[in-house]
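Student: sequence unknown, structure follows:
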């Protein structure tokens with residue numbers, strides 16, 4: 001009898017391919033945390049404008065909406081390992097473009113370089129997600145996705161802390177951006193050490209017509225598979241809830257609960273701790289968890305907790321709800337990634353992952369754009385109630401789709 005592979009952290013890190021991918025991402029995500037937080041600090045220092053900060057966030061989000069689906073096609077017909085290495089090397093050069101900003105009039109360079117930088121990133125992420133099932137066994141996928149999330153959350157928090165110290169002491173952003181460039185080079189070196197099995201059909205079907213056809217093939221696959229439709233419903237609901245929460249959290253705490261400004265950072269820290277704990281629990285218990293049920297339970301939990309946040313009578317209650325939302329959010333993301341990798345054939349994993357990322361980004365941007373206006377019109381508490389109810393209903397709908405979907409694993 002063949003022994004089932006162990007799903008613990010130690011067993012995962014014993015797999016050399018996954019270990020190199022994980023280490024590369026860990027280093028790179030610390031660098032991203034350093035660079036992104038430094039950008040926000042510098043833009044605020046140079047402009048003093050919240051609009052300028054929001055524009056930077058938009059410049060980093062739009063590329064996924066514009067290029068995400070096409071990037072998935074390129075990932076599916078290319079060498080994914082090579083794509084990841086090239087993306088890292090290109091971003092290592094691009095991040096140095098931030099050094100050109102010296103004064104307020106140069107801030108547009110942040111937007112332009114950030115847009116191009118994020119555009120290249122639309123190739124790396126689906127390539128990584130599509131490559132992962134080739135590096136670990138099926139039973140290890142949930143734990144691998146969850147471990148990647150745990151380390152990613154922690155790395156970005158550490159990176160933000162490093163950025164604050166760097167900018168505080170150096171009074172400039174160049175050390176942070178140079179450090180980020182170095183982390184991309186280290187990530188490329190780790191990815192180069194991965195021994196990935198060859199794929200059939202790489203490079204086939206180039207050209208505009210072939211790209212359009214392959215893109216439509218991927219979208220048709222998502223549309224006709226019940227489980228993939230369920231994943232899209234869950235992603236839309238989760239992004240709606242978390243997007244609205246991110247926009248309304250500060251107005252709710254300050255204007256409704258009368259929380260002092262100095263305490264706002266505590267709410268964000270508590271949410272991140274919850275996310276890390278949730279991802280850690282999934283990593284440790286992945287062998288006993290079924291991804292479909294975990295996903296449905298997580299999204300319904302988020303909906304209930306968002307509604308409870310709206311009913312929060314005190315800051316302590318709101319903090320507890322925020323922590324619990326973080327705990328629920330990580331398992332949903334890990335389960336969605338695992339189910340996508342399991343259900344979709346290797347030849348289409350890049351396209352499907354990009355479609356998921358694009359849907360999540362689109363719903364998040366829409367939620368962030370609408371939430372503020374609705375909050376002013378009907379009150380923040382009511383928006384939390386409505387968003388929570390919609391999220392719970394989406395979770396129930398996803399549960400129905402999951403139970404009706406045939407159970408199978410893609411080749």
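Tutor: Thanks, I have the structure now. Worth saying up front: this structure is predicted, and the values here are computed from it rather than measured.

Student: all helices for the stretch 51-200 of the chain, in order.
Tutor: With helices called from DSSP state H, counting those that start in this stretch, the stretch 51-200 of the chain shows them at 80-94, 107-135, 141-170, 174-192.

Student: What angle do helix 80-94 and the second one make with each other?
Tutor: With axes from the mean of the first three to the mean of the last three Cα atoms, to 10 degrees defining the directions, helix 107-135 sits at 160 degrees from helix 80-94.

Student: One more: the longest one?
Tutor: If you take the same axes, to 10 degrees, helix 141-170 sits at 10 degrees to helix 80-94.

Student: Can you mark which positions in helix 141-170 are buried?
Tutor: Of the residues in helix 141-170, those with enough neighbours to count as buried (16 or more other Cβ atoms under 10 Å) are 141-157, 159-160, 162-163, 166-167. Heads up, the C-betas are built off the backbone N, CA and C, glycines and all.

Student: is it true that residue 364 touches residue 237?
Tutor: No - the pair residue 364 and residue 237 does not pass the contact test of Cβ atoms under 8 Å, sitting 11.5 Å apart.

Student: Which parts of the stretch 251-400 of the chain are helices?
Tutor: 264-285, 291-310, 315-343, 349-378, 380-404.

Student: so can I have TSV of those helices showing distance to residue 249, mean neighbour count and mean pLDDT?
Tutor: TSV is the format used below for the helices of the stretch 251-400 of the chain (distance: least, Cβ to Cβ, whole Å; neighbours: other Cβ atoms under 10 Å; pLDDT from 0 to 100):
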stretch	distance to residue 249	mean neighbour count	mean pLDDT
helix 264-285	6	19	81
helix 291-310	8	23	90
helix 315-343	8	23	88
helix 349-378	10	20	80
helix 380-404	9	19	86
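
Student: hmm, back to that, please tabulate the helices of the stretch 51-200 of the chain in a markdown table and include distance to residue 35 and mean pLDDT as additional columns.
Tutor: Supplementary listing: the helices of the stretch 51-200 of the chain in a markdown table, determined by distance: least, Cβ to Cβ, whole Å; pLDDT from 0 to 100:
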| stretch | distance to residue 35 | mean pLDDT |
| --- | --- | --- |
| helix 80-94 | 10 | 93 |
| helix 107-135 | 9 | 90 |
| helix 141-170 | 8 | 81 |
| helix 174-192 | 4 | 92 |
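
Student: Turn those helices into CSV, including distance to residue 43.
Tutor: Shown next, in CSV, are those (distance: least, Cβ to Cβ, whole Å):
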stretch, distance to residue 43
helix 80-94, 17
helix 107-135, 6
helix 141-170, 12
helix 174-192, 13
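
Student: And the ones you listed: which comes nearest residue 249?
Tutor: Closest of the helices of the stretch 51-200 of the chain to residue 249 is helix 141-170, at 17.2 Å (criterion: Cβ to Cβ).

Student: Quick check, residue 359 in contact with residue 233.
Tutor: No - look at residue 359 against residue 233 with Cβ under 8 Å: they stay out of range, at 9.7 Å.

Student: Can you pull the residues that touch both of these two?
Tutor: Overlap of the contact sets of residue 359 and residue 233 (by Cβ atoms under 8 Å, 6 or more residues apart in numbering) is empty.

Student: How many neighbouring residues does residue 313 have?
Tutor: 8 (other Cβ atoms under 10 Å).

Student: Which pLDDT value belongs to it?
Tutor: Looking at residue 313, its pLDDT stands at 92.

Student: Report the contact partners of it.
Tutor: The contact partners of residue 313, taken as Cβ under 8 Å, 6+ apart, number zero.

Student: how about the helices of the stretch 51-200 of the chain, which one is nearest residue 310?
Tutor: Nearest of the helices of the stretch 51-200 of the chain (Cβ to Cβ): helix 141-170, 25.1 Å.
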